[in-house]
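Undergrad: This is a predicted model, with the sequence first.
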Amino acid sequence: MEETMYTTKESVMRRAQELVDAKIPFGALDVSGRLSDNNKGDLGQIIEEGWYGYRPNSDAEPDFAEAGVELKVSPYKYTRNGVSAKERLVCDIINYMEEAEKTFETSAFWHKCKCICLLSYQWLKGVAKEDMFVDHATLLNKYPVEDLLIIKQDWEIIIQKIRAGEAHLLSEGDTMYLAACTKGPTAETSYRQQPYSDLPAKQRAYSLKTTYMTHLLRKYVFGEGEDEHIIKDWRLLKTASFDEIILNMFSPYLGLSTREIADRLGMAWEDGTAKSVNASVTRRILGIIGDPDRAAEFKNANIAVKTIVVDGNNMPEQAMSFPSFTFLDILDQEWEDSDVYDQMVASRFLFVVFEREDKEQIPVLRQAFFWNMPVEDIEELRQVWVKTRIAIRHGAGLRLVKGIVRNTLPKAAESYLAHVRPHAGRAAYRLANGTIIGDPDTDANPLPDGQWMTTQCFWFNKKYTQSIIARAKEL
DNA sequence: GCATGATCATGC
DNA sequence: GCATGATCATGC
């Protein structure tokens, strides 16, 4: 590595702050034309070279080895929920052959990323990378103690899979904050050797999940307050895993009806038929006010809480919905950066299962378990996503049949896993022949051909959810 | 009985 | 008023 004058954290950060003050766009820092290559140039390298004045290294040492600082450049954006990280923070390729024998402290992740100089820039849709610029410089030199305990648990989960000869089964949804994300040219071409199996494993890198980056961004870069934690005493994490602690909260209530649980928790049982009783009871069991997905650990780890009612054969009464999407957005995204991937593949799930024989019965809490999509199902989901994009690109084939609008989006019968269905307040369309149904401005969004269709979302098929629950029951 | 279009209820 | 989780309801 070349000599650098930046040998202390202070000098690295001072130079970083000068960059913030100077507001120099990436285009002007790009001294060797890295951005011209399809705009995909590595911003970290551009800044190391064009601002710190030394050639980027790709070895195992942090970028500023003597200072012990790794330089990372990361985009953020504003959403209706406030400021959010736009991407996961990719740290370092996982060398399966070497990492398997390490400890957390000697791991490539900790060696490189225990101290990060985080350069943030605001990402704006439609603006070229050349014109964006770093506007915050933050030294991340210690993780919150309760987070670090979870990150260590994450690292153990990744390493245990490698040690079990299952590096090819790694997935982002396996872990909470620290994840093994795919890295390299579209999957197929980048496989690596793993130590305890002959099967090649997809190249992956240590990364901090987008949701966790949002947490760090809000806390350290923008100095915002924190969300309510589910685990009130972080010391519990020293002796039990996050999953164990959460699942234990449900144990006292297994086998009880929602009415009995409501009684025990001192909840009013006003209307047992309301659509949301099961969700309300789940919230109270977790001891949180409001939406579980907004509790700190769940939000930071991208964990979705799903309550399901099943019959005696584990068959859900309904398919499982996901957040709605807009048609033009889904055409704009790439698979591994898409909302669908984020919500269904990179996400972890806490399934809370209630059971009843028939609709007259009050549901009984049967089980709670964590789940994430196994790698063998990911390609199937991607196919549904691809079909959805194709349909949308062709205006979804909207046609009015006996007062109901039909479309060509993927149906439940076309996949064992998922389908696409409406998800809006009311049905709403603006059809090519001028027909307007409902209130398109509220409940629909535009297709590329100018028609408007009721807002839709992805759904897990009932049978797919059934198979998930049946498998969890066996364990 | 299931698939699919449509809608309700809650939290923010 | 909107986003989201969850459920209803009709036609085949």
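TA: Nice, I can see it.

Undergrad: Could you report the neighbour count for the residue of the stretch 201-350 of chain A found nearest DNA strand B?
TA: Distances between the stretch 201-350 of chain A and DNA strand B by CB to the nearest atom of the strand are smallest at A:G290, namely 2.0 Å. Where you see a C-beta, it was placed from the backbone N, CA and C, and this is true even at glycine. A count of nearby residues for A:G290, using other CB atoms under 10 Å, gives 10.

Undergrad: correct me, but it touches A:R283?
TA: Yes - shown here, A:G290 and A:R283 form a contact pair, counting by CB atoms under 8 Å, at 7.4 Å.

Undergrad: For A:T103, the count of nearby residues, please.
TA: With other CB under 10 Å as criterion, A:T103 counts 11.

Undergrad: That should have said A:H423, apologies.
TA: By other CB under 10 Å, 17 other residues sit near A:H423.

Undergrad: correct me, but it touches A:F458?
TA: No - here A:H423 does not reach A:F458: they are 9.0 Å apart, not a contact under CB under 8 Å.

Undergrad: got any residues that touch both of the two?
TA: By CB atoms under 8 Å, 6 or more residues apart in numbering, A:H423 and A:F458 have these common neighbours: A:S321.

Undergrad: and chain A, which residues reach DNA strand C?
TA: Counting by CB under 7 Å from any atom of the strand, the positions of chain A adjacent to DNA strand C are A:80, A:273, A:275-276, A:278-279, A:282, A:293, A:304-309, A:317-324, A:359, A:402, A:423-425, A:442.

Undergrad: Might one say that A:L447 is in contact with A:F327?
TA: Yes - counting by CB under 8 Å, A:F327 is a contact partner of A:L447 at 5.2 Å.

Undergrad: shared neighbours of the two, which are they?
TA: Taking CB under 8 Å, 6+ apart as the contact rule, A:L447 and A:F327 both touch A:I392, A:A396, A:M453.

Undergrad: Any chance of TSV for the residues you listed, columns pLDDT?
TA: Converted to TSV, those look like this (pLDDT from 0 to 100):
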residue	pLDDT
A:I392	91
A:A396	89
A:M453	90
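
Undergrad: so what's the residue of chain A most remote from its centre up against?
TA: Distance from the centre of chain A peaks at A:K402, with 40.5 Å (CA atoms, centre = their mean). Counting by CB under 8 Å, 6+ apart, A:K402 makes contact with nothing.

Undergrad: what does the model give it for pLDDT?
TA: Looking at A:K402, its pLDDT stands at 70.

Undergrad: Equivalent analysis for A:N57, please.
TA: What the model reports as pLDDT for A:N57 is 65.

Undergrad: Could you list the residues of chain A in contact with DNA strand B?
TA: Residues of chain A lying close to DNA strand B by CB under 7 Å from any atom of the strand are A:271, A:274-276, A:280, A:283, A:289-291, A:294, A:318-319, A:321, A:404-407, A:409, A:411-413, A:419, A:421-427, A:438, A:454, A:462.

Undergrad: For the buried ones among the residues you listed, write the corresponding ChimeraX selection.
TA: Typed into ChimeraX, the line below selects the buried ones among those, using 16 or more other CB atoms under 10 Å:
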select /A:283,319,405,407,409,412,419,421,422,423,424,438,454,462
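
Undergrad: From the residues of chain A next to DNA strand B, which land in helices?
TA: Among the residues of chain A next to DNA strand B, the members falling in helices (DSSP state H) are A:S280, A:R283, A:K462.

Undergrad: For those, could you give me JSON lines that also reports pLDDT?
TA: Conversion of these to JSON lines gives the following (pLDDT from 0 to 100):
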{"residue": "A:S280", "pLDDT": "82"}
{"residue": "A:R283", "pLDDT": "86"}
{"residue": "A:K462", "pLDDT": "91"}
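
Undergrad: A:T7: which of the residues you listed is nearest?
TA: Comparing these against A:T7 with CB to CB places A:R283 closest, at 51.4 Å.

Undergrad: For that closest one, give me its contacts.
TA: A:I289, A:G290, A:D291, A:P292.

Undergrad: can you pull the contacts of A:H111?
TA: Contacts of A:H111 (CB under 8 Å, 6+ apart): A:A60, A:P62.

Undergrad: Please apply the same query to the one 3 residues further on.
TA: For A:K114, the set of contacting residues under the criterion of CB under 8 Å, 6+ apart consists of A:G68, A:N141.

Undergrad: Now with 10 Å, please.
TA: A:P62, A:G68, A:V69, A:E70, A:E105, A:S107, A:L140, A:N141, A:K142, A:Y143, A:L148 (CB atoms under 10 Å, 6 or more residues apart in numbering).

Undergrad: now do A:L247
TA: Shown in contact with A:L247 (CB under 10 Å, 6+ apart): A:A240, A:S241, A:L350, A:Q367, A:A368, A:F369, A:F370.
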